[in-house]
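K.L.:
the sequence and its predicted three-dimensional model are supplied below.
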Amino acid sequence: MAQSIPSLVIKFLDNLNFPYEIINCKPEFADTQKFCEIYGFNIENCGNTIIVASKKEPKKYSACIVKGSDRLNVNQKVRKLMEVSKVSFASAEEALELTGMMIGGITPFALPSNIPIYIDKKIQNLENVIFGSGDRSSKVNISPEIFSKIQNAEFIEDLSIN
């Protein structure tokens, strides 16, 4: 029987031997702003994982992480990082096919290893960050130091726009 995405994420984090906390939530409240409003968390301490795709073939993808309060600098910064002429947010279907995860639950943990993970440098200064867990029914609360253990992850200056 195939493992569910959250169990793959938990296995991934456990293999890195890094402490984390799982926060359960109702799927209808999984989107960051609604999650924070309903459960009383600060949006400044949440990270959104956004899958970005090149527009031209061959398709290139990246996972970009910004604070829940910020917007991704997709047309300037991400486009240059990906070394392509045009980018856009991956569609919900494309993100699901690529990661096995639904928008609102995409996590930077247990992604395919060929997808670079770009993290806004502002996240590096947080004590803990709340991310999706791979589905819409829970979140992962973890220190951003976890990214030092993930080979394809890199902190990037000015990845976000306030």
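P.N.:
Noted; the coordinates are in hand. This one's a predicted model, so the numbers in the text were calculated from it and none came from an experiment. Numbers count the residues shown, from 1 in each chain.

K.L.:
how far away is residue 121 from residue 6?
P.N.:
28 Å (Cβ to Cβ, to the nearest Å). Where C-beta positions appear, they are placed from N, C-alpha and C, glycine not excepted.

K.L.:
ignore the last one, residue 35
P.N.:
16 Å.

K.L.:
between these two, which one's more packed in?
P.N.:
With neighbours defined as other Cβ atoms under 10 Å, residue 35 and residue 6 compare such that residue 35 has more, 23 against 20.

K.L.:
tell me the SS of the more buried one?
P.N.:
helix (DSSP: H, G, I helix; E, B strand; the rest coil).

K.L.:
test my guess that it contacts residue 46.
P.N.:
Yes. Contact criterion Cβ atoms under 8 Å: residue 35 and residue 46 qualify, at 7.2 Å.

K.L.:
residues shared between the contacts of those two?
P.N.:
residue 130 (Cβ atoms under 8 Å, 6 or more residues apart in numbering).

K.L.:
in the protein, where is pLDDT below threshold?
P.N.:
1-5 (pLDDT under 70).

K.L.:
by residue count, what's the longest helix in it?
P.N.:
If you go by DSSP state H, the chain has its longest helix at helix 5-15.

K.L.:
please list the residues outside that one that contact it.
P.N.:
So helix 5-15 is contacted by 3, 20, 22, 100-101, 105, 107, 109-110, 133-135, 137-138, 140, 142, 146 (Cβ under 8 Å, 6+ apart).

K.L.:
same question, stretch 86-100
P.N.:
5, 50-56, 61, 63, 74-75, 78-79, 101-103, 106, 111-112, 115, 134.

K.L.:
now stretch 138-149
P.N.:
Here stretch 138-149 has contacts from 6, 9, 13, 16, 18-25, 30, 35, 107-109, 117, 119, 123-124, 126-133, 153, 155, using Cβ under 8 Å, 6+ apart.

K.L.:
who does the residue nearest to the spatial centre of the chain bridge with?
P.N.:
With distances taken as Cα atoms, centre = their mean, the residue of the chain nearest its centroid is residue 49 (2.3 Å). For residue 49, the beta-bridge partners are residue 65 (DSSP bridges).
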